[in-house]
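**Q** This is the structure alone, sequence omitted:
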């Protein structure tokens, strides 16, 4: 008997497989197709001949942990103790899974805001806990009244994703004030803040939970070097949590992966000495603006994109069919793969919206836009 009877193959796998079958341009799955920084690959090539191939410490390569603490200090002004408040993980998904596994108990409730990334619900279910899916407003702002109504004495955790996948929305100052008020009313509730796109924001600067004094003692922060340095296949992330929570998280982590890929940890540690992390925002803003300009004369209506490397678009002027069928037809008839937004909702809410990934090279974006503008 399945422990996850209602969870099937992810929509990302389905659409990517279909894209391969029809030789379509894959703007569905969120991975860059342009080269990794040559400075980083040079470091990896050098390290391949050095003594960095055995187990790293369970909590992470010590110099990397120290540099992450410096990065957080420089980015957010927050002091983190690398020995007790920081954990290097095998990607953000493992960080999320480990956190929920360690901190959520049988019959707890976990608030998930829809549309939501699909890795949140499964670990909650595997803990025999209850995912409580609360829809965002149609403009993707949180409805704090609905969120508070969904909270009870059983609510153990609320998960936020900022910047938000799939919509690119960024939480506002008033959102954080409402969140702080909520946690004050429910003193046993924890915050899991998924901020893997923290360095990919545009006109509006992201407000991080790192900067909120009223949150950090009850907050687990999730970050991703895979997203930040466009090395998604490396599966390197990290999480920050208060010591009392981190102690429990590390207990689970040691039996999931024990320690994370050693050569990648050393490589990122050295790369942090030479990379200018603020340049990442510029790189993706140029791609966002270029893609939006290419599509301005199409029949798609482009939604605001405040962060991430995803562009949400309405196809309501093109078709009345549901978004899953539209995305399949988009691949089969027009050779472009996208992700239907309804699959991010518990109830399959269909607003005739789809998601494109613009983390692609110019040639790919040019050809994809040419095909999309022909529709």
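**A** Arrived safely. Keep in mind it's a predicted model, so treat the numbers as computed, not measured. Numbering: from 1, shown residues only.
**Q** how about the helices of the stretch 201-350 of the chain, start to end?
**A** Along the stretch 201-350 of the chain, the stretches classed as helices by DSSP state H, counting those that start in this stretch are 225-228, 243-256, 262-271, 279-294, 323-334.
**Q** wait, which of those helices is closest to residue 88?
**A** Of all the helices of the stretch 201-350 of the chain, it is helix 262-271 that lies closest to residue 88, at 6.2 Å by C-beta to C-beta. In this view, the C-beta of every residue, glycine as well, is placed from N, C-alpha and C.
**Q** Against which helices or strands is the closest one packed?
**A** helix 38-47, helix 62-76 (3 or more C-beta pairs under 8 Å, 6 or more residues apart in numbering; DSSP states H and E).
**Q** and of the helices of the stretch 201-350 of the chain, who's closest to residue 96?
**A** Closest among the helices of the stretch 201-350 of the chain, once you apply C-beta to C-beta, is helix 243-256, at 10.9 Å.
**Q** how distant is that closest one from the center of its chain?
**A** In terms of C-alpha atoms, centre = their mean, to the nearest Å, the centre of helix 243-256 is found 21 Å from the chain centre.
**Q** deepest of the helices and strands packed on helix 262-271, which one?
**A** For the helices and strands packed on helix 262-271, the largest average neighbour count (mean count of other C-beta atoms under 10 Å) is found in helix 62-76, namely a mean of 18.
**Q** got the buried residues for whatever helix or strand comes next after that one?
**A** As assigned by DSSP states H and E, the chain's next helix or strand after helix 62-76 is helix 82-85. Across helix 82-85, burial judged by 16 or more other C-beta atoms under 10 Å covers 82, 85.
**Q** and what of stretch 223-235?
**A** Burial within stretch 223-235, assessed by neighbour count using 16+ other C-beta under 10 Å, is assigned to 223, 224, 225, 226, 227, 228, 229, 230, 231, 232, 234, 235.
**Q** swap in stretch 133-142?
**A** 133, 134, 135, 136, 140, 142.
**Q** Model confidence for the residue nearest the centre of the chain, exactly?
**A** Compute the mean C-alpha point of the chain, and by C-alpha atoms, centre = their mean the closest residue is residue 196, 4.6 Å away. Listed pLDDT for residue 196 reads 98.
**Q** That one: which element?
**A** Going by DSSP H and E, residue 196 is not part of any helix or strand.
**Q** Please verify my assumption that it contacts residue 222.
**A** Yes. Counting by C-beta atoms under 8 Å, residue 196 does reach residue 222; the two are 6.3 Å apart.
**Q** intersection of neighbour lists for the two?
**A** 92, 237 (C-beta atoms under 8 Å, 6 or more residues apart in numbering).
**Q** Okay, buried residues for the least confident helix or strand in the chain by mean pLDDT please.
**A** Ranked by mean pLDDT, DSSP states H and E, the weakest helix or strand in the chain is helix 11-21, scoring a mean of 88. Residues 11, 12, 14, 15, 16, 18, 19 are the ones in helix 11-21 that count as buried (16+ other C-beta under 10 Å).
**Q** what ranges do the strands span in the chain?
**A** Ranges of strands within the chain are 25-26, 86-89, 109-114, 130-135, 155-161, 190-194, 219-224, 237-240, 301-302, 310-314, 336-337, 339-340, 353-357, based on DSSP state E.
**Q** Residue 36 is nearest to which of the ones you listed?
**A** By C-beta to C-beta (comparing all of the strands of the chain), the closest turns out to be strand 219-224, at 14.8 Å.
**Q** Burial check on residue 5, number of neighbours?
**A** Per other C-beta atoms under 10 Å, the neighbour tally for residue 5 reads 8.
**Q** swap that for residue 186, sorry
**A** With other C-beta under 10 Å as criterion, residue 186 counts 17.
**Q** mind listing what it touches?
**A** 151, 153, 155.
**Q** Residue 152 now?
**A** Contacts of residue 152 (C-beta under 8 Å, 6+ apart): residue 109.
**Q** and what of residue 103?
**A** Contacts for residue 103 were tallied using C-beta under 8 Å, 6+ apart; they are 156, 157, 190, 220, 245, 248, 249.
**Q** Check residue 43 too.
**A** 267, 270, 271.
**Q** how about 10 Å then?
**A** Residues in contact with residue 43 (C-beta atoms under 10 Å, 6 or more residues apart in numbering) are 37, 263, 266, 267, 268, 269, 270, 271, 273, 274.
**Q** repeat for residue 366
**A** Counting by C-beta under 10 Å, 6+ apart, the residues that residue 366 touches are 290, 291, 294, 360.
**Q** related to what we said a few turns ago, okay if I get the strands of the chain as TSV plus distance to residue 175?
**A** Below are those laid out as TSV (distance: least, C-beta to C-beta, whole Å):
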stretch	distance to residue 175
strand 25-26	33
strand 86-89	26
strand 109-114	11
strand 130-135	14
strand 155-161	9
strand 190-194	12
strand 219-224	15
strand 237-240	20
strand 301-302	23
strand 310-314	19
strand 336-337	32
strand 339-340	25
strand 353-357	21
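**Q** For residue 330, which of these is the nearest?
**A** Residue 330 lies closest to strand 336-337 among those, at 5.5 Å (C-beta to C-beta).
**Q** by contact count, what packs against the closest one?
**A** Here strand 336-337 touches helix 11-21, strand 25-26, helix 323-334, strand 353-357, helix 362-373, going by 3 or more C-beta pairs under 10 Å, 6 or more residues apart in numbering; DSSP states H and E.
**Q** swap the cut-off to 8 Å and go again
**A** So strand 336-337, by 3+ C-beta pairs under 8 Å, 6+ apart, packs with helix 11-21, strand 25-26, helix 323-334, helix 362-373.
**Q** hang on, the earlier thing: of all the contacts of residue 43, which comes closest to residue 117?
**A** Of all the contacts of residue 43, residue 268 has the smallest distance to residue 117: 23.0 Å, by C-beta to C-beta.
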